[in-house]
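>>> fold the stuff below for me.
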Amino acid sequence: MKKLLLTSLLASAILAVSAQNLDKIKSNLTSKKVAEAKTQIDQYMSNEKNAKNAEGWYVKAKVYSELAQDPALAATAPDARSVAFDAIKQYVALDEKLIQLQMDNYKPIMDVYQGYFKAGADQYNAQKYGEAFENFKNCLAVSEYMAGKKWSNIALDTTVVLYSGISAEKSGKRDDAAIYYGKLADAKVSGEGMVEIYKWLVDHYYNQKKDPATAVKYLELGKAVYPQDSFWAAYELDMARDGGNKADLFSKYEQVLASDPGNTSVRYNYAVELYQDGYKADLATRPANSAELIAKAEENLKKVVEAKPDYAAAYLVLGQIQYNQGVDLNNLNKAIRPQGGKKLTPEELKKKDDYRKQIATKFDAALPFFEKVDQLLGSQGKLKMEDKGYLKDAYDLIITIYDNKGDKDKVKVYEEKFNNVDKAH
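You can find the predicted model right below:
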């Protein structure tokens, strides 16, 4: 019995000493003697007997949290916030009731959170993106810990996640940026500018990581949150184009236009790709359904100019379709030539005459489209490089047509216009 009593007395004495030590440390902390409190708490916690003392860990968290907020003292312990955060986690593991933390209204961990955020923001504004990323990342870890413990009702700390991603991207850590941007996209965040997150992820996974499945995932998420943005359709078409299957590409165009029939830009591109696939200068290389593809291209281009009468590029291609049909007829006409020193037969001469009339008809059909390009672009001042190209192409073809007609005056007019494009526009 005496032995048992002695042990109990010793235990009580140790606890009393421990309590006194912690009281002294807390008193120093209250008096803002943070450096002294740090030395004392480090000494106190170095004793393995105190490793299971919840209050000891809590006091350590408070000391290091205060230390981190003093720039001069923080320089002596750069990892002070990390130490404070770890101490809080140790305290929580040992004290289910969390009485002290609740009495302090969670101040120690909130100080850690806010400290990480302020440090990250200051470094971000100073363009120290690598350091900012580390602080925002740590800030988010604290935020997620608090949310996991139900101390916070913020399921996703959007601002911190966003700046973690931006800082990672700006410091060249694209894979890290993708993780944080992915958190936002997976949560279907919306708001001004947030659409760029989804676009970035689509491009990152498709072009950088060569992971089309994940790219499609974020494309679908972006489309669900921002259904009116034209980026999704354009990227889906790019993916289909990269696939190399024209049937799949044209099918995707039809799907896009079915959901957005007024999208003249997509319709124009569809028409151009139909025409490029259907028309080849060498007749032998044209696909079997060439006529069908060209007709469909023409049909879509007419819808484009009907919806947008000032779409100069569409008029140019409509003119080229008629003009190239005239060129085809001209090639057929040239193919009829005397063979073996013989003269052409009356039937052959008539055929050539018919071809010449058909060529003139096609060239005449092309002229109004090219003249429309002149009307739309030639009357303007400074033009974009692309529009200059359209205007020059229109003039060049008009010159060829009038030369074929033998109208030298018209040829001279349009040669002058052609030569002055760069000066006038």
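>>> can you list the domain ranges for this structure.
The chain breaks down by automatic domain parsing into domains covering 230-309, 311-425.
>>> can you give me the end-to-end span of the first one?
With CA to CA, to the nearest Å as the measure, the first residue of domain 230-309 is 21 Å from its last.
>>> again with stretch 117-137
9 Å.
>>> okay, the domains of the chain in CSV with distance to residue 147 next?
All C-beta atoms are positioned from the backbone trio N, CA, C, and that covers glycine. As requested, the domains of the chain are exported to CSV (distance: least, CB to CB, whole Å):
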stretch, distance to residue 147
domain 230-309, 31
domain 311-425, 50
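>>> residue 68: which of those domains is closest?
Proximity to residue 68 (CB to CB) singles out domain 230-309 among the domains of the chain, at 42.7 Å.
>>> from the chain's centroid, how far away is the closest one?
25 Å (CA atoms, centre = their mean, to the nearest Å).
>>> quick one on the thing from earlier: including distance to residue 96, mean pLDDT and mean neighbour count, could the domains of the chain go into TSV?
Formatted as TSV, the domains of the chain follow (distance: least, CB to CB, whole Å; pLDDT from 0 to 100; neighbours: other CB atoms under 10 Å):
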stretch	distance to residue 96	mean pLDDT	mean neighbour count
domain 230-309	49	95	16
domain 311-425	69	95	16
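>>> residue 42: which of the ones you listed is closest?
domain 230-309 (55.0 Å).
>>> now do the helices in the stretch 201-350 of the chain.
212-225, 231-243, 246-259, 264-278, 290-307, 312-335, 346-373 (DSSP state H, counting those that start in this stretch).
>>> with distance to residue 402 as added columns, please give these in CSV.
Shown next, in CSV, are these (distance: least, CB to CB, whole Å):
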stretch, distance to residue 402
helix 212-225, 49
helix 231-243, 38
helix 246-259, 36
helix 264-278, 24
helix 290-307, 23
helix 312-335, 12
helix 346-373, 9
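>>> what about residue 168, which SS state?
Three-state assignment for residue 168 (DSSP: H, G, I helix; E, B strand; the rest coil): helix.
>>> got it, and residue 127?
Residue 127 is classified as coil under three-state DSSP.
>>> give the contact list for it.
By CB atoms under 8 Å, 6 or more residues apart in numbering, the contact set of residue 127 is empty.
>>> could you measure from it over to residue 167?
Look at residue 127 and residue 167: by CB to CB, to the nearest Å, they are 10 Å apart.
>>> before we move on, what about residue 48?
Taken as CB to CB, the span from residue 48 to residue 167 is 40 Å.
>>> more neighbours: which of the two?
residue 167 (26 against 7; other CB atoms under 10 Å).
>>> show me the contacts for the more buried one.
Contacts of residue 167 (CB under 8 Å, 6+ apart): 120, 124, 129-130, 132-133, 136.
>>> let's see which of those end up in helices.
120, 124, 129-130, 132-133, 136 (DSSP state H).
>>> out of those, which is nearest to residue 370?
residue 129 (52.7 Å).
>>> before we move on, back to that, of all the helices of the stretch 201-350 of the chain, which one comes closest to residue 198?
helix 212-225 (3.1 Å).
>>> mind listing what's buried in that closest one?
Residues of helix 212-225 classed as buried by neighbour count (16 or more other CB atoms under 10 Å): 214-219, 221-223, 225.
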